[in-house]
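Enquirer: Turn this into a model:
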Amino acid sequence: QVQLVESGGGLVQAGGSLRLSCAASGRTSRIRGMGWFRQAPGQEREFVAAIRWWNDGRTYYSDSVKGRFTISGDNFKNTVSLQMNSLNPEDTAVYYCAAADSRSDYGSARDFNYWGQGTQVTVSS
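Expert: Presented below is the predicted three-dimensional model:
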């Protein structure tokens, strides 16, 4: 199994920045990519960003965060971070780290097998 632990959530004013981090442990040799999702109250879990560990380390972003959020990772340390800039109240959600044990063009929860417990991000207006 793979365990994921997120950190870095909190409260920030609109226009501000936050950085989320996630560390994987356990059978990390299985991991082929890592990503972030978010879920606001009453809404479905939404893809935010992902990075793959093979080839060129390609990154993937949802349209709602492209240009504002940046995902980065270290496949040797099995860590991934999400730098979030220009935050707005619509970004308020619980953010989940995820890891995949298969190769894919990541963009859906179906691509990921392992999940963290989540960290709250609240953006005040």
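Enquirer: Centre-most residue in the protein?
Expert: Nearest to the geometric centre of the chain sits residue 36, at 1.8 Å (CA atoms, centre = their mean).
Enquirer: Can you identify the element that follows the helix or strand harbouring that one toward the C-terminus?
Expert: Mapping residue 36 onto the secondary structure by DSSP states H and E places it in strand 33-39. In the C-terminal direction, the helix or strand that comes right after strand 33-39 (DSSP H and E) is strand 46-52.
Enquirer: So the residue nearest to the centre of the chain sits against residue 82, correct?
Expert: Yes. Judged on CB atoms under 8 Å, residue 36 makes contact with residue 82 at a distance of 5.0 Å. Every C-beta, even on glycine, is put in place using the N, C-alpha and C of the backbone.
Enquirer: Now do the strands in this structure.
Expert: Under the criterion DSSP state E, the chain carries strands at the ranges 2-7, 10-13, 18-26, 33-39, 46-52, 59-61, 69-74, 79-84, 93-100, 114-115, 119-124.
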